[in-house]
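*Asks:* Using only what follows, build the 3D model:
(one chain, ligands or ions: 1)
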Amino acid sequence: MTSMPTSAAVQVQGLRKQYAVHEKEPGFAGSLRAFVNRKTRHVEAVKGVSFDLAEGEVVGFLGPNGAGKTTTLKMLSGLLHPSGGEARVLGFEPRRRETGFLKQITLVMGQKQQLLWDLPALDSFLVNQAIYEIPDEQYRATMREFTEVLGLEGILKKQVRKLSLGERMKCELAAALLHRPKILFLDEPTIGLDVNMQEAVREFVREYNARHGATVMLTSHYMADVTALARRILVIDQGQLVFDGDLAQLAEQGSGGKTVRLQFRQPVTSAQLAAYGTVVQSDALSAELRVPRAEVSGRAARLLAELDVADLTVEDPPIEAVMAELFGRQEAASGA
Ligand SMILES: Nc1ncnc2c1ncn2[C@@H]1O[C@H](COP(=O)(O)OP(=O)(O)OP(=O)(O)O)[C@@H](O)[C@H]1O
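*Replies:* Predicted coordinates:
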């Protein structure tokens, strides 16, 4: 076993997960054949991933569909046993699912629910209070805090099945964080929510991180979640970590170009603009160009000298564009 520094909240070293998939041809004959001659294929979902998360850090975990995000989060929460490598969360080995570990972490999966469907959310909260042995006073204080930040007033006593998706997600989050975990693994916590609800969830996570200094690892198809919450980004692709750094760096690395935004005093056609870069958008008095990084200053100088420019700004491309470039034509982590 390799020795790892003890200061990090999450330490991952060469983590791997291989799934065994039993293959079966379609139909009854296929079932029979599979019964006598079982074929197994191995899927390498996570292929030796290493990273550390510092205490209190909020990290965006991005990658295209099937990249290995959920598998990694499940291994870190102890729901799946790794096929190789090592993971430590607050010094615990997640696969052992020790009480001391479970009391300090949570895994929220936007697509799964833990609340009891036929009962009010409040009843599920009381169940969690008992499971996690939360003292009454702490329970009341946490409920006060969550009710205020999430606006739970009025929905706690309603049957969960009668709540809207957004209301239910708020209750799911509250239930999952009632024991005040130090580590939050959030897998698509805003999926399917409308823009206001996404913002409410984001605000809650931000507030929780600020108040409790929790470490957060977050996957999301909504780039707004990631840009609002995380400064550091891990990108996984086909089971391998392909980027670990800050958002700005990702924009630098992923893209061969910068975005040049222009306002003109006189109408300009996209044919005229093509000489200065790739035209992303053009509409007579405004335009957006993509220009190779190394040529930005030269092209900008030419634009200013040769066209009637009222305003010119140079920006890194939106993170969605960077992810789309990184993953080619696959549906990228932007999931737009
Ligand atoms: N239980 C399983 N059995 C077999 N293969 C699986 C299983 N779960 C996931 N996989 C495969 O492992 C790979 C990684 O899946 P995972 O769910 O971790 O990806 P993801 O990055 O979370 O994707 P998404 O963004 O689509 O949720 C995929 O190829 C997937 O098909």
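
*Asks:* how distant is stretch 230-249 from the center of its chain?
*Replies:* Distance of stretch 230-249 from the chain centroid (CA atoms, centre = their mean, to the nearest Å) equals 11 Å.

*Asks:* Now do the domain split for this structure, please.
*Replies:* 10-250, 256-315 (automatic domain parsing).

*Asks:* measure the first one end to end?
*Replies:* From its first residue to its last, domain 10-250 covers 22 Å (CA to CA, to the nearest Å).

*Asks:* And the ligand, is that domain touching that?
*Replies:* Yes. Counting by CB under 6 Å from any ligand atom, the ligand is contacted by domain 10-250 at 19, 21, 43, 45, 63, 65-71. For every residue, glycine as well, the C-beta is placed using N, CA and C.

*Asks:* residue ranges with poor pLDDT in the chain?
*Replies:* 1-6, 253-256, 328-336 (pLDDT under 70).

*Asks:* how about the residues of domain 10-250 next to the ligand, which pair is most distant?
*Replies:* Pairwise distances across the residues of domain 10-250 next to the ligand (CB to CB) peak at 20.3 Å, for the pair Val21 and Gly63.

*Asks:* most centrally placed residue in the protein?
*Replies:* Thr219 (1.6 Å; CA atoms, centre = their mean).

*Asks:* who wins for proximity to Val322 among the domains of the chain?
*Replies:* Nearest of the domains of the chain (CB to CB): domain 10-250, 5.9 Å.

*Asks:* for that closest one, the distance to its chain's centre please.
*Replies:* Chain-centre distance of domain 10-250: 9 Å, with CA atoms, centre = their mean.

*Asks:* And stretch 300-315, by the same measure?
*Replies:* With CA atoms, centre = their mean, you get 37 Å for stretch 300-315.

*Asks:* Export the lengthiest helix in the chain to PDB, keeping only CA atoms.
*Replies:* Here the longest helix in the chain is taken by residue count, with DSSP state H as the criterion, and it is helix 195-212. C-alpha atoms of helix 195-212 as PDB (Å, rounded to 0.1, in the frame of the first residue of the first chain):
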ATOM      1  CA  VAL A 195     -33.400  27.500 -13.900                       C
ATOM      2  CA  ASN A 196     -34.700  28.900 -10.600                       C
ATOM      3  CA  MET A 197     -34.500  25.600  -8.800                       C
ATOM      4  CA  GLN A 198     -31.000  25.000 -10.200                       C
ATOM      5  CA  GLU A 199     -30.000  28.300  -8.800                       C
ATOM      6  CA  ALA A 200     -31.600  27.500  -5.400                       C
ATOM      7  CA  VAL A 201     -29.700  24.200  -5.200                       C
ATOM      8  CA  ARG A 202     -26.500  25.900  -6.200                       C
ATOM      9  CA  GLU A 203     -27.000  28.600  -3.500                       C
ATOM     10  CA  PHE A 204     -27.700  25.900  -0.900                       C
ATOM     11  CA  VAL A 205     -24.500  24.000  -1.800                       C
ATOM     12  CA  ARG A 206     -22.500  27.200  -1.800                       C
ATOM     13  CA  GLU A 207     -23.900  28.200   1.600                       C
ATOM     14  CA  TYR A 208     -23.400  24.800   3.100                       C
ATOM     15  CA  ASN A 209     -19.800  24.800   1.900                       C
ATOM     16  CA  ALA A 210     -19.200  28.300   3.400                       C
ATOM     17  CA  ARG A 211     -20.900  27.500   6.700                       C
ATOM     18  CA  HIS A 212     -19.500  24.000   7.300                       C
END
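
*Asks:* still on that earlier bit, hey, which of the domains of the chain is tucked in deepest?
*Replies:* Burial of those is given as mean neighbour count (mean count of other CB atoms under 10 Å); domain 10-250 ranks first at a mean of 17.

*Asks:* Can you say which of the domains of the chain is nearest to Leu326?
*Replies:* Nearest to Leu326, of the domains of the chain and by CB to CB, is domain 10-250 at 6.9 Å.
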